[in-house]
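A.B. asks: return a 3D structure for these sequence lines:
(one chain, ligands or ions: 1)
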Amino acid sequence: MAEIARVDENGNVEDSRQVTDGNVAWDEAEELGVAFGCQDGRCGSCRVEIVEGMENLSGRTINELDMGLDESENFRLMCQCKINKGLIKIRI
Ligand code: FES
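C.D. replies: Next up is the predicted model:
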């Protein structure tokens, strides 16, 4: 079981949800406060900072790269990534 946790500006966990390994976490992220719009990697509303666990996410999609969210960025679109395993910490 993987886990997605929302952290505050100091990195303290505010809330978290369990996610089945290898799945998207749309419902769980929404419960943590992530706003979804297009759900297709085009609007940017689900953009979050990955504070910890980037290595636990699926690779960046073309739509993320088109938005400039390449390896130099700590940001991902939650509608575009799956959580493969372990813990990821996000800041909204
Ligand atoms: S919901 Fe639009 S980019 Fe993710």
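A.B. asks: go ahead and name everything in contact with the helix or strand Ile90 falls within.
C.D. replies: Taking DSSP states H and E as the definition, one finds Ile90 inside strand 87-91. With CB atoms under 8 Å, 6 or more residues apart in numbering as the contact definition, strand 87-91 has outside contacts at 2-9, 11, 13, 29, 32, 34, 48-54, 56-57, 78. Using the backbone N, CA and C atoms, a C-beta is placed for each residue, glycine as well.
A.B. asks: and the nearest residue in space to Phe36 that is not next to it in sequence, how far is that from the ligand?
C.D. replies: The shortest distance from Phe36 to any non-neighbouring residue, by CB to CB, 6 or more residues apart in numbering, is to Cys46 (5.0 Å). Going from Cys46 to the ligand by CB to the nearest ligand atom, to the nearest Å gives 3 Å.
A.B. asks: next one: Ala35
C.D. replies: Distance, Ala35 to the ligand, using CB to the nearest ligand atom: 8 Å.
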